[in-house]
Structures are given as structure tokens and as C-alpha cells.
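A.B. asks: the sequence isn't on hand, but the structure is:
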């Protein structure tokens, strides 16, 4: 199997290491500057060079602001694409890309790796089994202090700090927006939001957002995103007419409680390793390429349209 990885930052490096661990040896890096790499992999600098390589699929892990031009090229030549989130960051990009997808024959997925977290898989199962009864509401929270994100890198020089590079909490922390839709359904009607820059942890991108809407299933959904929380916290709660669920994606636990906060069930995934999500989604994507009946957990470009429009709307694009 041949794979081209476009972009070789921290996430590109993770994908390459995982491909190698899965037995993929023919990997080519597409980088803006060809200056060698610690794995001695072949490097190219132009997208056109991908045509000669004819890979089985391409991983797009360059900055979000470059996704559109990269994807538009790959679609033209019907390459299979596995794209890092966020997919795109401006509505005009989707408007231009959508017609190109009409005759496209490849397979596309977006790397929402949290869908492969064992807690998320268990919550999905519990909701499908109606374990909480009728769902009334969901509240999602993620906060992590931006200067702590990437060791050895000045956070004010990263794409996260710049709105025009696709940074800001709405795009950077889009996982929660995807999870809310994945578990509770798409937004219906008006989306209310406050998106702002309130600190100096970014240059001009928003560092905090509060989002609220009613889902197509009539649940009230609230999503909080920030770059400001000292440390790291990622959790959500879902309220049903028979029980409540609290999921902590940092501690890898799920608790279901009932009347008077009495605990009904508890699930803990002690053996979970963060990289397992990335390994498993790669396994599924590769399986999807050879098995037309296999259904990946990851959304296709079209299936991600609602999440994109939510982001566009609350970013006032």
C-alpha cells in the first residue's frame, strides 16, 4: 500500500508512525520545504507530484487554511482522502468544493478521532439502547490552556493563534460540535452563540465560545469551548427522563445516576491509550477502501456538512 501524507507537523508525524506500525512502508511526505526527515522517507514539495506516485490514499494534515486547495486538487484526480479536522474553515470553500464532489469516485473521511474513544462508543451504545429514557438535554465542555498544548512550540506562532490560518476554539475544538451531533442529532432552527477573544493566549483568534441550540430530536444542547482552562478538562453530561449520564474523556469514565444521585452504573476504561483512537481509525479507513459494505465511524465530507455550517454560523462567516 502506498500513502502520501500532506503536512508533517505533530499530527502528520503521528499518522506516519501509526501507518508504519500497521505495516505500511511505502509512505511519501508532501511538504512545503523538502529538507529531510528522521525516518528517511521520500519527500515531495508539489501536489502535482502525487499523480506520479498514484497512492492508495492521501492523508491531509497540513494547516486548515491550506485544506481547500489540497482537497480540490486530490478530488480532481479521484484520490481517496483522509482529512484532518476541521475539514474547511470558510463557507465559500464548501460552495466551491461541493460541485467537484458530484463526479468524484474516491472515498473521503474526516479524522474525528474522538468517535473512536471507548467512552464515546459506549455512550453511543447506551443511547441506542434507550438506557437514559427520553433525552432532554446535553452539555459538552472542553477547556485546555493553549500554551500547554504543544511542548517546545511558541503557542503564539502556531496556527491556533491566528484566525486566518483556521485557528480559534470553534475550528480547533470542533470535536465537541461533532460529538454533540453524533450523539444527539443535528441542530434545528437558530443557533445561539457567544464567540470571543478575552485573553492574550492568541493573536487574533477566538479563545472562548458558548453555543446553544435545540437538536432535531428536541434536546437542548450546550457546548463550551476554550483555550483558557488551566490544565485540561473534557467531559459532557446527558439528561434523560430515567437517568443522567456523565462522561469524563480525561479520566475515561462514564457514570449513570438516577434519583437522589444514586449511581446506577459505572464504566471505566483503564487500559485506554490515546493513540489507540488514531490506530483504529486508520485500520477502519484502510478496511473501507477494500470492503464496500464496511461502514467507518468517521464522517464523509458530505456527512460533515452540518458540523461545518454550525462552525461557519457561530464564527459569523
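C.D. replies: That came in fine, so what should we check first? Please read these numbers as outputs of a predicted model, since none were measured by experiment. Numbers count the residues shown, from 1 in each chain.
A.B. asks: which element is residue 18 on?
C.D. replies: helix 10-21 (DSSP states H and E).
A.B. asks: show me what counts as buried in that helix.
C.D. replies: 11-16, 18-19 (16 or more other Cβ atoms under 10 Å). No exception for glycine: its C-beta is placed from N, CA and C like everyone else's.
A.B. asks: format the residues you listed as TSV; extra columns: pLDDT and distance to residue 128.
C.D. replies: Output for the buried residues of helix 10-21, formatted as TSV (pLDDT from 0 to 100; distance: Cβ to Cβ, whole Å):
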residue	pLDDT	distance to residue 128
11	94	30
12	96	34
13	96	36
14	97	30
15	98	30
16	98	35
18	98	29
19	98	32
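A.B. asks: nearest residue to the middle of the chain?
C.D. replies: residue 112 (3.2 Å; Cα atoms, centre = their mean).
A.B. asks: for it, give me phi and psi.
C.D. replies: For residue 112, the backbone dihedrals are phi -90, psi 80 (criterion: degrees, to the nearest 10).
A.B. asks: so what's it closest to, chain neighbours aside?
C.D. replies: Distances taken as Cβ to Cβ, 6 or more residues apart in numbering place residue 178 nearest to residue 112, at 4.9 Å, with adjacent residues excluded.
A.B. asks: how far away from the center of its chain is the helix or strand where that neighbour lies?
C.D. replies: Assessed by DSSP H and E, residue 178 sits inside helix 175-184. In this view, helix 175-184 has its centroid 10 Å away from the chain centroid, taken as Cα atoms, centre = their mean, to the nearest Å.
A.B. asks: residues making contact with that helix?
C.D. replies: 85, 112-115, 120, 123-124, 127, 135, 138, 140-142, 170, 187, 211, 215, 217, 219, 221, 223, 225, 236, 238, 299, 304, 306-307, 310-311 (Cβ atoms under 8 Å, 6 or more residues apart in numbering).
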